[in-house]
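Undergrad: What follows is a predicted structure for the sequence shown.
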Amino acid sequence: MTDHHTYGTSTHTASELVRLVSDRLGLVFTERDSDYRGVYHLASIPNGRIEIQPNPIPGDDDEDDLYAPEHPAAQVLLLATTPALDPALQVRLDSIEGLTHLNHETA
């Protein structure tokens, strides 16, 4: 079973959120560049990963598309993936002001 959580913010830029999450969780993020997702930031956590990226991503027609169109108000997304539910991680992420839990999926 894999646990996926999506958080969003319109308060912080991606760089600001990387700094906040790094400080709160003691993580080191690596900047990545993807043709599909644009620039995003990746950090490994025990048995999982956290990714921070803009919700608007480069589209094929030179127009931005939303990575999470169901959450258009969220300008920046945080995607957390762990092999099982991690309540401690959720509490720490929920404590970041301006970061809102948007979605939870289990696969």
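TA: Yep, that arrived.
Undergrad: Every contact and neighbour count from this point should use C-alpha atoms.
TA: Fine.
Undergrad: buried set for the lengthiest helix in the chain?
TA: Scanning the chain for the helix with the most residues, using DSSP state H, yields helix 14-25. For helix 14-25, the neighbour count (16 or more other Cα atoms under 10 Å) marks 14, 17-18, 20-21 as buried.
Undergrad: same question, stretch 70-89
TA: Residues of stretch 70-89 classed as buried: 71, 74-82, 85 (neighbour count, 16+ other Cα under 10 Å).
Undergrad: and residue 27, that one's in a helix?
TA: No: per DSSP: H, G, I helix; E, B strand; the rest coil, residue 27 lies outside any helix segment and is coil.
Undergrad: In this protein, where is pLDDT below threshold?
TA: Along the chain, segments meeting pLDDT under 70 are nowhere present.
Undergrad: Nearest the geometric middle of it, what residue?
TA: Geometric centre of the chain, nearest residue: residue 78, 1.2 Å, by Cα atoms, centre = their mean.
Undergrad: picking that back up, please save the CA atoms from the longest helix of the chain in PDB.
TA: As requested, the backbone C-alpha atoms of helix 14-25 are provided in PDB (Å, rounded to 0.1, in the frame of the first residue of the first chain):
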ATOM      1  CA  ALA A  14       7.900  27.100  -4.200                       C
ATOM      2  CA  SER A  15      11.300  28.400  -2.800                       C
ATOM      3  CA  GLU A  16       9.700  29.600   0.400                       C
ATOM      4  CA  LEU A  17       7.900  26.400   0.900                       C
ATOM      5  CA  VAL A  18      11.100  24.400   0.300                       C
ATOM      6  CA  ARG A  19      12.800  26.500   3.000                       C
ATOM      7  CA  LEU A  20       9.900  26.100   5.500                       C
ATOM      8  CA  VAL A  21       9.600  22.300   5.000                       C
ATOM      9  CA  SER A  22      13.400  22.000   5.100                       C
ATOM     10  CA  ASP A  23      13.500  23.800   8.400                       C
ATOM     11  CA  ARG A  24      10.500  22.000   9.900                       C
ATOM     12  CA  LEU A  25      11.500  18.500   8.800                       C
END
